[in-house]
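[1] How does the following fold in three dimensions:
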Amino acid sequence: MEELFKKGISFIKKIKTTDKILLIYHKDLDGLTSALIFIKCMKNFGIKISERVASSNEEIERVLEKVKNFDKIVILDIDISYMKEDLLKMKKEMLIVDHHPPRKNLNSKKIVYINPRLEKPKIYQPASYITYKLLSRISDLKNEEWLAALGVVSDYGFEDCKDLMKKWVKIKEKEELGKTRMWKKVEELVGIISEIGFPKVLTLLEKAKSFEDFKKNKVVKEALKKYLKKIEGCEKSFWKNIREFEKPNLVISEVETKHREITSLISTKMAGKFPEKVLVVLRKVGKKYAVHARYHGSKEIELGKIMERCAKNLNGGGGHPHAAGATIKVRNKEVFEKRLIEELSQIFL
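    Just a heads-up that it's a prediction; the model follows:
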């Protein structure tokens, strides 16, 4: 990682105040906090970000059409390692910080790709942790450490981030994260985002000195109040639709919400209640299902690869060993579930 960090620092030091910078960050808290840390760092150097865009894997190709209008591109917490040829054709200077299992090494003459999994495939350090560690080498970001901690907790990072996390969570095992004050903040922040969106939350957090300061804002207070009513109904739909399988250690449910962030949060939260089972939560989006999968158990499994195989030719899937997802057509729900049961039956004998 040392060599990659040197390349990343070199990229940042070459940014000029006249450069037009496009910042693209993932639509989750890890991506959002990574973006905030980057923005704060650039501000310390007197550099403004020209445009900030919240994106996802489903949207990234469309968003990248914007690159022709910018001098420097920064992409945080989005897996685009499968797009190497397309990225090279863009001939743009890019800094990409990610922690998803890479399909290709994107490093090239114009692209700096920082991903700890290039060297250690099983390491789990969220993008907010990597971004904070990288930028702290060239800028005083002590006042932004709480943002990095929020991002790490939201992505259920712990073991490989203890040097940062020991100040913010007093726990011994990752499974205890859901009981911490930081997790409570994560839940509230996800709810606020679901009401007013990533761009507005980014702007408000950029101005805030702390999470408590952020919560004093009238817009934030109203958003949190609305969210608390919605999450109650969403959790009710989870328990109403739950199906639990003794074999093969599987729990499937469906939630009634249009918000990806809320579904992701509920998936992580409920996975803690079924620690030795694979939890799959479905969210209907038009003619498709968004699939959120979690596993907090002791067995070594590759949930991302399982999702990829189960969703093959149904639309697509992938992710981390213990947190993954997929998109499938509604009509293929039974096919997907059958594949999933077959896959897990071979793992949990």
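[2] Other residues contacting stretch 265-281?
    With CB atoms under 8 Å, 6 or more residues apart in numbering as the test, stretch 265-281 has contacts from 156, 175, 178, 186-187, 190-191, 231, 234-235, 238, 244, 249-255, 263, 291-299, 301, 303, 323, 340, 344. Glycine gets a C-beta too; all of them are placed from N, C-alpha and C.
[3] Any buried residues in stretch 209-223, and which?
    In terms of neighbour count (16 or more other CB atoms under 10 Å), stretch 209-223 has its buried residues at 211, 214-215, 220, 223.
[4] typed the wrong thing, it's stretch 27-46
    27-42.
[5] Report the rounded mean pLDDT for it.
    Here stretch 27-46 scores 96 as its mean pLDDT.
[6] Name the residues that touch the longest helix along the chain?
    Longest helix in the chain, counting residues (DSSP state H): helix 218-240. Residues from elsewhere that reach helix 218-240 (CB under 8 Å, 6+ apart): 187-188, 191-192, 194-196, 200, 204, 214-215, 253-257, 262-263, 266, 270, 281.
[7] Could I get the CA-only coordinates of it as PDB?
    Presented in PDB, the C-alpha positions along helix 218-240 are these (Å, rounded to 0.1, in the frame of the first residue of the first chain):
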ATOM      1  CA  LYS A 218     -34.100  22.400  11.300                       C
ATOM      2  CA  VAL A 219     -34.200  20.600   8.000                       C
ATOM      3  CA  VAL A 220     -32.300  17.700   9.600                       C
ATOM      4  CA  LYS A 221     -34.700  17.500  12.600                       C
ATOM      5  CA  GLU A 222     -37.700  17.400  10.300                       C
ATOM      6  CA  ALA A 223     -36.200  14.700   8.100                       C
ATOM      7  CA  LEU A 224     -35.300  12.500  11.100                       C
ATOM      8  CA  LYS A 225     -38.800  12.800  12.400                       C
ATOM      9  CA  LYS A 226     -40.300  11.600   9.100                       C
ATOM     10  CA  TYR A 227     -37.800   8.800   8.800                       C
ATOM     11  CA  LEU A 228     -38.500   7.400  12.200                       C
ATOM     12  CA  LYS A 229     -42.200   6.900  11.200                       C
ATOM     13  CA  LYS A 230     -41.200   5.200   8.000                       C
ATOM     14  CA  ILE A 231     -38.600   2.800   9.500                       C
ATOM     15  CA  GLU A 232     -41.100   1.500  11.900                       C
ATOM     16  CA  GLY A 233     -43.400   0.400   9.000                       C
ATOM     17  CA  CYS A 234     -40.400  -1.000   7.100                       C
ATOM     18  CA  GLU A 235     -39.400  -3.200  10.000                       C
ATOM     19  CA  LYS A 236     -43.000  -4.400  10.300                       C
ATOM     20  CA  SER A 237     -43.000  -5.500   6.700                       C
ATOM     21  CA  PHE A 238     -39.700  -7.300   7.300                       C
ATOM     22  CA  TRP A 239     -41.100  -9.400  10.100                       C
ATOM     23  CA  LYS A 240     -44.400  -9.900   8.300                       C
END
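[8] The helix or strand following that helix: how far from the chain's middle?
    Counting by DSSP states H and E, the next helix or strand C-terminal to helix 218-240 is strand 243-245. Relative to its parent chain, strand 243-245 has a centroid offset of 27 Å by CA atoms, centre = their mean, to the nearest Å.
[9] What strands line up against the helix or strand just after strand 243-245, and which way round?
    Per DSSP H and E, the first helix or strand lying C-terminal to strand 243-245 is strand 250-255. Looking at strand 250-255 with DSSP bridges, its paired strands and their directions are strand 243-245 (antiparallel), strand 278-285 (parallel).
[10] Any chance of these in JSON lines with distance to residue 317 as columns?
    Listed next are these as JSON lines, based on distance: least, CB to CB, whole Å:
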{"stretch": "strand 243-245", "distance to residue 317": "19"}
{"stretch": "strand 278-285", "distance to residue 317": "11"}
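[11] Make a markdown table out of these and add distance to residue 142, mean pLDDT and mean neighbour count.
    Compiled in a markdown table, those are given as follows (distance: least, CB to CB, whole Å; pLDDT from 0 to 100; neighbours: other CB atoms under 10 Å):
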| stretch | distance to residue 142 | mean pLDDT | mean neighbour count |
| --- | --- | --- | --- |
| strand 243-245 | 46 | 92 | 13 |
| strand 278-285 | 37 | 93 | 23 |
